[in-house]
Every structure is written in structure tokens, then in C-alpha cells.
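Visitor: generate a structure from the sequence data that follows.
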Amino acid sequence: MPTAVSSARNPLHPSVLPRLDKQYEAFYNKYMANAPMIQELPWDPAVRSSPAVPGGAPALPVSKTEDIELNGFSIRVFYPTNLPAQGQPPVFIWYHGGGMVLGGINAENPFCTRVGNSARCVVVTVDYRMAPEYKFPVGHEDAWTAFEWVYKNGKDRLGVDVSRFGIGGSSSGGNLAAFVSQKAGLEGIPIQFMVLGVPVCDNTATAETYKSWNVNRHCPGLPDAKMLWYRDQYIPNQEDLSNPIASPLFGSDEAFKSSVNKIFIALAELDLLRSEGEAYSEKLKSFGKDVDCRTYPGVPHAVQAMDGVLDMARKWIKDMCTYVAVQFGRHPADVAMEDLYPDNVEVDVPQIEGGGPWLKLKTPMVLGEAPIYRAEDSTLHYVDCLKEPAELHFLPLDPSTGEISSNAIDGQPRIIQLEESVTVQFFRENKPGYICAYFAGVAFMSEEDGKLEILKEIITQEERGIRRFNDGGVDVMGRFWLAEIDRKALSLGMGRLPADYGEPLGRLWRYDPDGSLHLMEKGLVCGNGLAWSPDSNTMYLNDSAAGLVFAYDFDIPSGNLSNKRLFIDRRDLGGEPDGMVADVEGNLYIAMWASSRVMVYSPEGKHLKDIKFTARNMACTSWGGPNYDELYIASATDKRPNRREDDDGGHLFKYHVGIKGLPKYKFKG
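Guide: Down below sits the predicted model:
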């Protein structure tokens, strides 16, 4: 069991340790345990110039910001990088937290930029006046003034569509947002939705009235002594604590009936305020409101402000941003973790710069796939499978360095146009040419002219509109594996499959050297990246568009699969696992489509590191070079309308790993 830092000024309480998120524990012990709490210091308003909680991620670039002075306070307006092509954008007001004492106009700018860019909305944050200089109800009055000003002036002054209006806030800011939602409802002003993080809902709360005030009283972030100090600064008069303005849980039935109908509430398991948030959620539901209330495990109050150091905080932010985006008409899959946190998708995963293209092709590939290295003549072979017509590329390499050979004319590959689109190919053992998957089945392909000798047409002409082949592999016994794509499901994009879609149509096949064909798996959206462990007892299979990597027990003599299990889950983290290879230590190197990365995972599924490149769509990996420790990666052109102009998709990349890779076996037929 972990132990508290006993010599620290504010060590973690023993009652907290068994329940606490390990990333939070490590960060707290290193950076926060010796810091005094706000209630232990003489009051100095200068403390507001520093973040109330360390560990936040920096703000994202936006197209512009504007500060506007209102009556005694100001608001800041964030305009996102990508505004809607037509019409006015929606607007979202956010009230920062800080116990009505800390924070300010800069307090939660990082969140404001993320929600604005991902939801393509204008975000307004409010620099309401705070205690102890300004007592209750000044902060609430400022919150309403800001809301009313945006509602009345937003169309002409900010260029926003006030009929598409959301509000939200964290902690004390959540209290302000809940108050505004009730007052707006009573005054007949429509609000589309509300987002709350760890909200203060009942300022009369004690350990006698709420369970979380008892079990979480010693939790970091907001122990009971700190919460009571905040409360005393802003609401010194005890009779005001139960005022519905200060405690929205006590709002009238009419206030609840008329207030916002859609609400997202994020609660922290180890938060003092969790139980009152649950009570507020249940009361909203009792009035027929559509409430999505989620409790995030292992984290205390103020977790939202620690997205630079906690993976759970990033999930929290992504969920909030996704909710806002969906309310404003976007799809959940439009909110990608790579866009919210472009520098490092996951905390504590080292980021290594892989650099730009190793080979810039004269014409970038549409979709580069299936690189394979042949040591006998030191050549790299790969395809551009979606070019019309598709192409097979041969690139001679220097056998002593693995770099492009001087024999390559103008440093470019030799290219053969293909009669069918080939998506993956492997060498044949002791025979010329390749075995390959073309769009509809299995074929031998000539290295001389790219001609195909069809062995098995698996996908009929009638089915070509719904299925096609994609990636594959050859196992240690020389059997060829090939995986299909469900074309309709893939066209929807990662994370966009409707709940009622049914079983995806993609299948996995095994073609043996004796010519027999075996159906091995069904239900794939985009079968991809087959690889085996060093002992070949485990097979890995990616379903790219589903964001999943599966592992199977692999029986070497028979080629049968068993014990299917989820090995890697990227659905919340983003990146589509594409081409994949393993090294001699069993680590997996996975080209992550839509992520500019090759991600490295241990045999136990631990995310070890990322190698970042200058192309968004990294497609397929292969080992090569004289020591078989060079990673060659094919990429694809980014076809999105908002793609970066400097994206290097469609070229070849190389990275020196320094660990020997497992060979791609040859087909024994």
C-alpha cells in the first residue's frame, strides 16, 4: 500500500491513499504536499495572479480573443479557430471556479479554448467580482449581468446566435451557472443546455447532511476546512446560506420546472461536494430533466484544472467538450483527444520527435501501405493502393546503411501500375513475386509487371460495394492472413457507428499454402495490422475504425485462434490503430492513423512512448535495414478540407529504433 509523505506540511491523509488516483498521488506528493492551504495564510489578493491549482495544460490557439468591460467587471470572448461556414456560431458562457475567492479572467482560459475549438462555438468567460472584497450576492449579480448582456447584445456585438446558448461552470462557477439557469427560466429566457463540474449546490452542507462531507473531509483539493473558509469569505451571514441564490438545490419548484432541460454534471469520487451534486442531479431528474451525471473515479475536487498531469482530467475535459459539441450539432467523434492535447495525448507517455519524411516522393501517395523489406537485395517494396491506377513501388537501399541507394534514379522508387488495387503483399518463400490481397481476394502478384494470378475471389462482384480487403500478415508457418473492411461502417469514421448498426461486415481469413481458405473472425469495421509475439503464441489484430486492438491465443500447428481479448482501447484517447509490427522483446509499434504518431506498447499493453512525425495519417510500419532495427513507415495524404498545409502525408518516413524487429515471414506456397 502507498504511504503518505509524513514530513510534508499537508500530507495525504491515510484514509485517502487507498482510493486516490496514482497520477494524482505522485503529483501531489512532489508539488503540492508542502504548499500551505489558502486558509492557512493571511489574505493577499495577489494570490489570484497564480493558478489556484497547479498541473494545468496550456491554452490552445484560437482565432482571437476580446475583453469587454461591463458594470464593474469584465468578460473575455474566445473565437474558435474554425467557425461554421454559414450562419452565426453558437455561444457558451463559462463561470470559473475558485470558491468565490480565487481565479479571475485568466483562470480557466485553457478549458475555454478547448471547448470553443471543439464545439466551434464562441466562448465567454466572466471575471465576476469575488470575496472577501465583494460579499454575497455580488458574484451572483455579476454572473447574471454577464448572461443578460450576452443574450441581449450577442447577435450584434459578438456575432453569435443567441438562440443556441449554453452555460456552465466549475465548482463555485457551477453554483453561479445553476443560479443563472433558474433565473433565466423564471424570466422566460431559453438556455439550450448546462455543463457543471464539481458544482457547489448546497451551501448549508455538513458532514451530518451529506455522506461525501464525511468520507471525503480529508481529501486533497478541497478538505472541509478549506470549503468552510471559502464559504465564510463570501457568505458571512448564516441566514444567506439557504437562500436559493446561494444554494440552487433549494430553488422553487417553478425554478426547477422552467430551468434548462439538458444538463451534464461531472463529479469527482473523492470530492467533498460529490453528494450534493448527486442530490442536485436527482432533483433535476425528478422534474423531468435530461441529466447526464458522471462520477470520475479516484480523483478529488479541482481535477478539471489538472489536465496537464492527469489522464483522468483529460477524459473529464474531453467528455465536457464532447457534450457541448453534440448540443451544438457536432458528432461525438468530432472531438478528438489529439486536437484537445496535440503535444501529448496521454500524460507521462514520452514523446519522441521522429521528424519529417525520409523520402519525399515526386507525387505523394494517396494511401501508402504494406512496406516490406527484402534483405537479399536490400529493397523496400510498398503500394499506393488508392491511387488510380494503384501502384507498386520498389526502392533500392544501401545494404550497409539502410538509406536510399545511389542506384535509385533521382532518389525515387521504380513504379509499376497495377491492374487491381493491392492492399497488402508478402514475399513467397523460394519463389518469385508475392502473395497479396487485392480488393476482392487472394492472388499471386508478379514483381516484374504487377500482373495478378487470382487464387481465391472471396468478395463477389455484388459485394464489392460493401466489403474490400485491407491489411494482412503471414504467420510463422507461412500461412497468409487477410482482413476485410466494412466499407459503409468505415466511411462513417472512427466512433461514428450508430448503436443500431448491427454487426460490422468485415471478416478475417486465413489462406493456407495448400490452397485452403478458412474464415477466422467476423464483426470487423476495418481489419488491420496483424502481428505476432516473438514466440508466435499470441496474435494481435487491429480494428482501426473501432479504435481497438485485440489479442488472441495462437495455436502454431493448426493456426487456430482462441481466448480473444481486448488488448488496447483507443476509443476515448483517439488515434486509429493501423499497420503494426513487433520487436524481438514483444513490443508493438503501431502506426496511428489521424494521430501523426507511431505508438509503442509493451507485451502487457502498457503505452511506452510515442514517435511523432509530420504527417497526420501514419499508415503502415515495417522493419528493415542491415540490423533490422530501422522502422520504415508509409503514410497517406490528408484529405480533410481543414488539413494543415505543411502536412507531409503521402511520403515515406524512417526511424532508427535500435531494437531488432521481428521479420515479416514469407508465404510457403
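Visitor: check the offset of stretch 32-47 from the chain's centre.
Guide: Offset of stretch 32-47 from its chain centre (C-alpha atoms, centre = their mean, to the nearest Å): 34 Å.
Visitor: just stretch 299-318 next, same as before
Guide: On C-alpha atoms, centre = their mean, the centre of stretch 299-318 falls 13 Å from that of its chain.
Visitor: kindly report the same for stretch 273-284.
Guide: On C-alpha atoms, centre = their mean, the centre of stretch 273-284 falls 28 Å from the chain's centre.
Visitor: and that stretch, what's buried?
Guide: 273-281, 283-284 (16 or more other C-beta atoms under 10 Å). In this view, the C-beta of every residue, glycine as well, is placed from N, C-alpha and C.
Visitor: can I see the domain layout of the protein?
Guide: For the chain, the structural domains run 55-340, 351-656, going by the TED database.
Visitor: does residue 481 really touch residue 510, like I thought?
Guide: Yes - using C-beta atoms under 8 Å, residue 481 makes contact with residue 510 at a distance of 5.3 Å.
Visitor: worst-scoring helix or strand of the protein, pLDDT-wise?
Guide: helix 487-492 (a mean of 88; mean pLDDT, DSSP states H and E).
Visitor: dump the C-alpha coordinates for whichever helix or strand comes after that one into CSV.
Guide: Sequence order places strand 506-511 as the next helix or strand after helix 487-492, per DSSP states H and E. What follows is strand 506-511, C-alpha atoms only, in CSV (Å, rounded to 0.1, in the frame of the first residue of the first chain):
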residue,chain,number,x,y,z
GLY,A,506,-15.6,-7.1,-42.0
ARG,A,507,-14.0,-10.6,-41.7
LEU,A,508,-10.6,-12.2,-41.2
TRP,A,509,-9.5,-15.1,-43.4
ARG,A,510,-6.6,-17.5,-43.4
TYR,A,511,-5.3,-18.8,-46.7
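Visitor: let me see the ranges of the helices in the chain.
Guide: For the chain, helices defined by DSSP state H occupy the ranges 22-27, 109-119, 138-153, 172-186, 211-215, 224-234, 253-258, 274-286, 311-327, 337-340, 487-492.
Visitor: which one, of those helices, ends up nearest to residue 477?
Guide: helix 487-492 (30.2 Å; C-beta to C-beta).
Visitor: circling back to that earlier point, mind putting the domains of the chain in JSON lines, distance to residue 32 included?
Guide: As requested, the domains of the chain are exported to JSON lines (distance: least, C-beta to C-beta, whole Å):
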{"stretch": "domain 55-340", "distance to residue 32": "7"}
{"stretch": "domain 351-656", "distance to residue 32": "25"}
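Visitor: residue 10: which of these is closest?
Guide: Smallest distance to residue 10 across these (C-beta to C-beta): 7.7 Å, for domain 55-340.
Visitor: endpoints of that closest one, how far apart?
Guide: 16 Å (C-alpha to C-alpha, to the nearest Å).
Visitor: same deal with stretch 511-528?
Guide: Stretch 511-528 has an end-to-end distance of 16 Å (criterion: C-alpha to C-alpha).
Visitor: again with stretch 213-229
Guide: OK, stretch 213-229 end separation, C-alpha to C-alpha: 15 Å.
Visitor: what's the mean pLDDT across it?
Guide: Taken as a whole, stretch 213-229 has a mean pLDDT of 96.
Visitor: gap between it and the chain center?
Guide: A distance of 31 Å separates the centroid of the chain from that of stretch 213-229, by C-alpha atoms, centre = their mean.
Visitor: kindly report the same for stretch 109-117.
Guide: 15 Å.
Visitor: could I have the CA atoms of that stretch written out in CSV?
Guide: What follows is stretch 109-117, C-alpha atoms only, in CSV (Å, rounded to 0.1, in the frame of the first residue of the first chain):
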residue,chain,number,x,y,z
ASN,A,109,-8.8,30.0,-20.4
PRO,A,110,-7.3,26.6,-21.4
PHE,A,111,-10.7,25.0,-21.0
CYS,A,112,-12.4,27.8,-22.8
THR,A,113,-10.1,27.4,-25.8
ARG,A,114,-10.7,23.7,-25.9
VAL,A,115,-14.4,23.8,-25.7
GLY,A,116,-14.6,26.6,-28.2
ASN,A,117,-12.4,24.9,-30.8
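Visitor: and the most centrally placed residue in the chain, how far from residue 542?
Guide: Compute the mean C-alpha point of the chain, and by C-alpha atoms, centre = their mean the closest residue is residue 337, 2.5 Å away. Relative to residue 542, residue 337 is positioned 18 Å away (C-beta to C-beta, to the nearest Å).
Visitor: just residue 558 next, same as before
Guide: Residue 558 is 23 Å from residue 542, by C-beta to C-beta.
Visitor: what's the answer for residue 103, then?
Guide: According to C-beta to C-beta, residue 103 and residue 542 sit 44 Å apart.
Visitor: residue 380: which of the helices of the chain is closest?
Guide: Of the helices of the chain, nearest to residue 380 by C-beta to C-beta is helix 487-492, at 27.2 Å.
Visitor: next one: that closest one to chain centre, how far?
Guide: How far helix 487-492 lies from its chain's middle: 20 Å, per C-alpha atoms, centre = their mean.
Visitor: need the residues that contact it.
Guide: By C-beta atoms under 8 Å, 6 or more residues apart in numbering, the residues outside helix 487-492 that reach it are 465-468, 497-498, 501, 504-506, 525-526, 545.
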